[in-house]
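# okay, sequence plus prediction incoming.
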Amino acid sequence: MKENICTIPINDLFKPKDRCPICRMEEMLEETYVEFVVGDAMMEPNIRIETNEKGFCHRHFSKMFSAGQKLPNALILESHLKSIIENVLPEKAPSKPNKKVIEKIETLDKTCYVCDRIERDILHLLATVFKEYQNSEEFRTLYREQPFICLNHYAYVMKAASGKRGVKGKFVKPFAEDTYNLTKNYLSELKEDTSYFCSMFDYRNRGKDFGKSKDAIERDIEYLTKELPD
């Protein structure tokens, strides 16, 4: 696959053949934006306006706290809290429930600057994946050689693939089949390993080797939730 400024990150994400490539894509973007928010973005008024308005989810607040110094985090929070006081809560206590205020708070609870940036950019990267799949046999082979695509990202990828910047023409069917196989085959492998793990607690199998089933539970949870168990 010929590399250019758009395809280089795709190569980097798919060549390791480690776990779900879309998860790695998401992780790369997440790390980039978390570091950006507590770093260069501190000096960008337009970014501060957007972070004040959207805030951050618990996951990304936690990652920002871990990634950056305390002062940048405190300055972001100071500005965000000020914005909530001035733009979300009314100046005086309402005499009855204020639907507009309630809606603003509910909206704020569902928005996150980092999540929104990841959502936007991952769609751009997937558009490049679809383009390379259609243009390069080498990339089609690389795509098929991925260990798996997790269940959540299977649905996400297929939805994006059917969109305006998705897969077209004669490649629709093979892409759908390849993506399905990457998900179904690994699910079947997990089920087989989990069943074997369960069977090892039968007294008749006492002394046998757990083999690769010994971490089946951890792999199941990571696959289904994109997170390793604590």
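Happy to help now that I have it. For clarity, every value in this text was computed on a predicted model and none was experimentally measured.
# could you dump stretch 48-65 to CSV, C-alpha only?
Extracted in CSV, the C-alpha atoms of stretch 48-65 (Å, rounded to 0.1, in the frame of the first residue of the first chain):
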residue,chain,number,x,y,z
ARG,A,48,-11.3,26.7,25.9
ILE,A,49,-14.7,28.0,24.8
GLU,A,50,-15.6,24.5,23.5
THR,A,51,-14.3,22.7,26.6
ASN,A,52,-16.2,25.1,28.8
GLU,A,53,-19.4,24.3,26.9
LYS,A,54,-19.0,20.5,26.6
GLY,A,55,-16.9,19.6,29.6
PHE,A,56,-15.5,16.0,29.9
CYS,A,57,-16.7,12.6,30.8
HIS,A,58,-15.4,10.9,33.9
ARG,A,59,-13.0,8.7,31.9
HIS,A,60,-11.4,11.6,30.2
PHE,A,61,-11.3,13.8,33.3
SER,A,62,-9.4,11.0,35.0
LYS,A,63,-7.0,10.5,32.1
MET,A,64,-6.4,14.3,32.0
PHE,A,65,-5.6,14.3,35.7
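# return the set of buried residues in that stretch.
Residues of stretch 48-65 classed as buried under the neighbour-count rule (16 or more other CB atoms under 10 Å) are Arg48, Thr51, Asn52, Glu53, Lys54, Gly55, Phe56, Cys57, His60, Phe61, Lys63, Met64. Just so you know, the C-beta spots here come from the backbone N, C-alpha and C atoms, and that holds for glycine as well.
# touching it from outside, list them.
Under the criterion CB atoms under 8 Å, 6 or more residues apart in numbering, residues 30, 34, 37-38, 41-42, 73, 76, 79-80, 82-83, 87, 108, 111-116 lie in contact with stretch 48-65.
# same deal with stretch 134-145?
With contacts defined as CB under 8 Å, 6+ apart, stretch 134-145 is touched by 1-2, 10, 14-15, 17, 129, 132-133, 167-169, 171, 174, 178, 181-182.
# switch the cut-off to 7 Å
Applying CB atoms under 7 Å, 6 or more residues apart in numbering, the set of residues contacting stretch 134-145 from outside is Met1, Phe14, Lys17, Glu132, Tyr133, Val167, Lys168, Phe171, Asp178.
# that older thread, just the buried residues of stretch 48-65: which are in helices?
Applying DSSP state H to the buried residues of stretch 48-65, the entries found in helices are Arg48, Thr51, Asn52, Glu53, Lys54, His60, Phe61, Lys63, Met64.
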